[in-house]
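> Build me a model:
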Amino acid sequence: MGLAIVLDQLTKYVVMKSLRMYDSVTVIPGFFNLTYVRNKGAAFGILSGNHGIWRIVFFVVVTLVAVAAIFSMIRKTSERLSLWAFSLIAGGAIGNLIDRIRFGEVVDFIEWYARSYHWPTFNVADSAISVGVGLLVIEMLFMNKTELGESAKS
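Numbers count the residues shown, from 1 in each chain. All right, here's what the predicted structure looks like:
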């Protein structure tokens, strides 16, 4: 969890110090740029049109509740994959929470695209959350197969 937070905040710091807002640096032509933008909303800009302090309060409260739930799940599991998954999700959520508290919005900079299709710009915290969710899905699929195999043997 700590590593996700540190990497997220460090990469955002470097981007903010190296680029001006909306500047873009091509890393892999036609595929990957570093583009400095800020997202006032949730994933993919959801709720970005809402203004004022209430938007920030909403995101802070929702994030704190989610992180508290994740910490509860971490305490209840001994599965290594679950621990990694929950830690990545919590670290990503906390990384973006730090931005919301500091700036009222989240710093994004990773831009993937192919021709005219652009994936919404994101950051290391978003990546940690996505990888964590992916690990949980893998674990659930694996557990379901194990449970099905064991019940078929009985």
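
> going forward, measure contacts between C-alpha atoms and count neighbours the same way
Noted.

> in which helix or strand would I find A128?
According to DSSP states H and E, A128 maps onto helix 124-153.

> got it, and G41?
G41 belongs to no helix or strand, assigned by DSSP H and E.

> Compute the distance between the residue most central in space within the chain and Y113, please.
Geometric centre of the chain, nearest residue: D126, 2.0 Å, by Cα atoms, centre = their mean. Per Cα to Cα, to the nearest Å, D126 is found 17 Å from Y113.

> CA atoms only for stretch 116-126, dumped as PDB, please.
This file holds the C-alpha atoms of stretch 116-126, laid out as PDB (Å, rounded to 0.1, in the frame of the first residue of the first chain):
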ATOM      1  CA  SER A 116      -8.200   8.500 -33.000                       C
ATOM      2  CA  TYR A 117      -9.200   6.300 -29.900                       C
ATOM      3  CA  HIS A 118      -7.900   7.800 -26.700                       C
ATOM      4  CA  TRP A 119      -8.300   6.000 -23.300                       C
ATOM      5  CA  PRO A 120      -9.100   8.600 -20.600                       C
ATOM      6  CA  THR A 121      -5.900   9.900 -19.100                       C
ATOM      7  CA  PHE A 122      -5.100   8.300 -15.700                       C
ATOM      8  CA  ASN A 123      -2.300   8.000 -13.100                       C
ATOM      9  CA  VAL A 124      -0.400   5.500 -11.000                       C
ATOM     10  CA  ALA A 125      -3.100   5.400  -8.300                       C
ATOM     11  CA  ASP A 126      -5.700   4.500 -10.900                       C
END
